[in-house]
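>>> fold the following.
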Amino acid sequence: MREAYLGIDIGSISTKGVIIDEKNNILASSYIWTEGNPLGSAKRLLGLLEEQFDKENYKIVATGTTGSARNLVGAMVGATMVKNEITAHAVGTTTLHPNVRTILEIGGQDSKIILVENGVAVDYAMNTLCAAGTGSFLSSQAKRLGVEVEEFGEIALTSKHPTQIAARCTVFAESDLVHKIQMGHPKEDIIAGLCKAVANNYLNNVGKGKKIVPPVVFQGGVSKNIGVTQAFKEALGCDIIVDENGHLMGAFGAAILAGRSSKRKEFDFSVEDMEFKTRDVNCGRCPNNCEIICVYRDGVLIDSWGNRCEKGAIKTGTKSAE
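The predicted model follows:
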């Protein structure tokens with residue numbers, strides 16, 4: 001049996017997963033919506049990956065998780081490696097594009113920029129406060145315009161005179177958008193203006209003060225929007241690389257990191273059928289008053305985190321009081 005490695009990137013909007021072999025070839029992949037239920041979406045993701053995975057020739061010997069719910073899902077799948085998004089995205093991208101210097105990433109609700117030197121991330125910035133430059137912003141405006149967000153890019157490229165949209169924040173952008181619609185701006189010009197607004201918002205906020213050096217790789221769900229990619233090309237004056245698996249890069253990086261680690265734990269897809277629950281516990285044993293998150297599998301505690309001292313440590317293996 002040959003070794004394989006599983007990587008899961010679980011965010012607030014989307015859940016991504018890949019299984020790779022020892023040469024970093026993708027054996028299975030999936031991208032689904034989180035829908036406010038990270039444990040449930042992780043289970044669905046595993047089911048989709050299992051359908052694609054060749055169990056007769058490969059076995060998963062290490063698992064990595066990243067994203068906002070990385071600890072929670074890491075506990076669920078018994079991850080051997082849990083890493084932050086910056087590290088996972090940097091490792092995944094530099095593996096496929098060794099010469100990359102700048103990574104632009106725009107997801108559903110947040111965005112980030114990573115600066116790379118000699119294959120190592122040396123600086124980064126994240127934006128989690130405003131949705132004006134993210135995928136959720138584009139999706140909401142697409143609904144307002146009666147257009148599928150997947151069609152935004154192609155429509156934007158047909159515009160000759162993109163409409164100026166004030167996208168420094170979601171409230172101003174939506175107000176300005178309604179005003180431009182009422183003024184009679186063509187739909188394709190408004191859509192092109194929205195794509196440019198997303199790129200400009202990103203560069204003026206996330207990329208503020210950062211020296212953006214090519215080669216530039218654009219990733220995240222919004223990278224699939226050719227209109228936004230074109231807007232970045234025009235704003236930066238250089239080519240933009242969009243990898244076909246750019247939306248999976250965090251999961252890809254998590255799988256690579258799991259494979260590089262010396263830790264090994266064979267993964268069993270049967271976790272799909274197990275019942276997982278979480279509950280929060282206020283410690284109260286010291287002035288820190290930590291809020292501790294406990295994860296139970298079939299009623300038994302398998303992991304907990306959030307305590308800032310030993311007084312809040314909770315022994316695994318205990319049964320839920322419920």
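>>> can you map out the strands along the stretch 1-150 of the chain?
Ranges of strands within the stretch 1-150 of the chain are 2-10, 14-21, 26-33, 58-66, 81-82, 102-106, 111-117, 120-127, based on DSSP state E, counting those that start in this stretch.
>>> what's the second one packed up against?
Taking 3 or more Cβ pairs under 8 Å, 6 or more residues apart in numbering; DSSP states H and E as contact, the helices and strands that strand 14-21 lies on are strand 2-10, strand 26-33, helix 38-52, strand 58-66, helix 249-260. Yep, even glycine has a C-beta here, placed from its N, CA and C like the rest.
>>> quick one: strands adjacent to it?
strand 2-10 (antiparallel), strand 26-33 (antiparallel) (DSSP bridges).
>>> could I get the helices and strands packed on strand 14-21 as TSV with distance to residue 143?
Compiled in TSV, the helices and strands packed on strand 14-21 are given as follows (distance: least, Cβ to Cβ, whole Å):
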stretch	distance to residue 143
strand 2-10	25
strand 26-33	15
helix 38-52	22
strand 58-66	29
helix 249-260	26
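>>> in the stretch 1-150 of the chain, what spans have low per-residue confidence?
For the stretch 1-150 of the chain, the stretches with pLDDT under 70 are 128-133.
>>> picking up where we left off before, what's the most buried one of the helices and strands packed on strand 14-21?
Each of those was scored by mean neighbour count; the highest is helix 249-260, a mean of 28, by mean count of other Cβ atoms under 10 Å.
>>> what helices and strands are in contact with the helix or strand just after that helix?
Proceeding N to C from helix 249-260, the next assigned helix or strand is strand 276-282, under DSSP states H and E. Contacts defined by 3+ Cβ pairs under 8 Å, 6+ apart place strand 276-282 against strand 291-297.
>>> quick one, longest helix in this protein?
Across the chain, the longest stretch assigned as helix under DSSP state H is helix 187-205.
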